[in-house]
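> return a 3D structure for these sequence lines:
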Amino acid sequence: MIRSFLSRTGQMALVIFGISVLVFCIFFATPGADPTARIAGRGASPQVMARIRAEYGFDRPLPVQYVRMMEKLFVTRDLTSFVNHGQKVVPEVVSAAPVTLSLVVWAAFFWVVGSLVIGVASAVLRDSWVDRLLMVLGLIGLSMPVFWLGEVINLFTQSRWHDTWLFRWVPPLGYVPLSQSPIGWAKSLLLPSLTLSVSFMGLYARILRSELLSAMGEDSIRTARAKGAGPARVWLWHGLRLSWLSYVSLFGLDFAQLLGGGALLTEVVFALPGVGRLTYQALATLDLPLIMATVMYAAVFVVIANALVDGLYALLDPRIRDGQHGR
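Residues are numbered from 1 along each chain as shown. Sure thing, here's the model as predicted:
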């Protein structure tokens with residue numbers, strides 16, 4: 001057990017290290033990415049450029065610059081933006097994280113509940129018109145780009161029909177902190193989270209339907225039916241219990257990916273000041289410290305989620321747990 005834990009921790013550290021080196025190298029290999037010119041301003045003299053290079057350490061070897069940046073990001077946490085001079089990037093990411101967390105939690109609630117209802121109903125009513133209709137709707141939801149759906153929703157709720165009784169309650173674009181107004185917080189996140197959940201709802205419903213239909217051929221299902229278990233218990237208890245491994249593993253990775261900035265398009269369309277929008281702004285200005293902070297934030301979430309999913313898989317599936325003990 002201890003050996004497995006140490007091995008997993010070492011793998012996580014290597015992945016995070018590799019991602020940080022890759023982002024750092026790509027930035028400095030990008031044409032026109034030299035931050036000295038952006039810090040000095042347009043038309044700066046060579047003397048000013050040389051002074052800024054020395055002040056920020058851009059005249060040092062790249063490995064030294066990398067080590068200094070990692071130290072400022074993880075140890076002293078005083079890494080400052082190359083674009084907004086003097087503004088620390090770690091507090092920016094920390095302040096944006098609750099916005100993204102709120103959005104993703106809401107979206108996860110909607111797509112889990114929706115996919116469970118659609119997936120179970122479609123599996124129970126297999127090959128019926130209801131099954132075909134639900135799967136077509138799921139495919140449509142899976143195919144719609146989230147930015148397009150968000151823009152269409154904004155078109156109707158923010159301009160065309162905003163003054164009608166149907167959408168009069170919709171607040172302006174932006175985010176209302178939970179501490180400021182719980183009701184305003186819920187209203188500001190309802191439509192963005194529904195928009196974000198649509199494609200996941202369609203995907204998870206199709207996966208759950210397939211897993212449920214496959215589980216119906218298992219010996220444990222036939223045994224449950226032979227013991228007199230009703231259809232509801234067979235589908236909702238035994239069937240879901242056999243089908244949730246793929247569902248849980250996919251959910252863990254998707255949830256972490258969205259927390260790490262995967263909700264970028266939704267945050268930009270609905271003007272939510274989350275980690276995704278912060279990443280978009282950093283990429284638009286080629287602000288390396290902010291890019292590094294947001295990417296490392298995302299990498300940590302995804303790597304930890306992957307480790308948790310592997311552990312959960314071992315708990316849920318005795319075959320994996322027995323294999324680990326065997327090693």
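> all contacts plus neighbour counts: C-alpha atoms, from now on.
Fine.
> in the biggest helix by length in the chain, what counts as buried?
The residue-count maximum for a helix in the chain (DSSP state H) belongs to helix 89-124. Within helix 89-124, the residues that count as buried by 16 or more other CA atoms under 10 Å are 89-90, 92-93, 96-104, 106-108, 110-112, 114-116, 118-124.
> what about the helices in the stretch 51-200 of the chain?
62-70, 89-124, 129-143, 146-154, 182-215 (DSSP state H, counting those that start in this stretch).
> how about TSV for those helices, with mean pLDDT and distance to Leu286 added?
Shown next, in TSV, are the helices of the stretch 51-200 of the chain (pLDDT from 0 to 100; distance: least, CA to CA, whole Å):
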stretch	mean pLDDT	distance to Leu286
helix 62-70	85	16
helix 89-124	91	14
helix 129-143	89	31
helix 146-154	90	23
helix 182-215	90	27
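> Ser4 is nearest to which of the ones you listed?
Ser4 sits nearest to helix 62-70 of all the helices of the stretch 51-200 of the chain, at 27.5 Å, using CA to CA.
> what lies in contact with the closest one?
Helix 62-70 is contacted by residues Val21, Phe24, Gly57, Phe58, Leu79, Pro289 when judged by CA atoms under 8 Å, 6 or more residues apart in numbering.
> rerun that using 10 Å as the cut-off
Contacts with helix 62-70, where a contact means CA atoms under 10 Å, 6 or more residues apart in numbering, come from 17, 20-21, 24-25, 28, 56-59, 71-73, 75-80, 288-289, 292-293.
> just the buried members of the residues you listed?
Neighbour-count burial (16+ other CA under 10 Å) is assigned, among the contacts of helix 62-70, to 20-21, 24, 58, 72-73, 78-80, 288-289, 292-293.
> need those in JSON lines with distance to Ser7 and pLDDT, can you?
Listed next are the buried ones among the contacts of helix 62-70 as JSON lines, based on distance: CA to CA, whole Å; pLDDT from 0 to 100:
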{"residue": "Ser20", "distance to Ser7": "20", "pLDDT": "86"}
{"residue": "Val21", "distance to Ser7": "21", "pLDDT": "87"}
{"residue": "Phe24", "distance to Ser7": "26", "pLDDT": "82"}
{"residue": "Phe58", "distance to Ser7": "36", "pLDDT": "77"}
{"residue": "Lys72", "distance to Ser7": "27", "pLDDT": "85"}
{"residue": "Leu73", "distance to Ser7": "25", "pLDDT": "85"}
{"residue": "Asp78", "distance to Ser7": "31", "pLDDT": "84"}
{"residue": "Leu79", "distance to Ser7": "31", "pLDDT": "83"}
{"residue": "Thr80", "distance to Ser7": "34", "pLDDT": "84"}
{"residue": "Leu288", "distance to Ser7": "31", "pLDDT": "81"}
{"residue": "Pro289", "distance to Ser7": "30", "pLDDT": "85"}
{"residue": "Met292", "distance to Ser7": "26", "pLDDT": "85"}
{"residue": "Ala293", "distance to Ser7": "26", "pLDDT": "88"}
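> check these and tell me the two furthest apart.
Spanning the widest gap among the buried ones among the contacts of helix 62-70 are Val21 and Asp78, at 19.5 Å by CA to CA.
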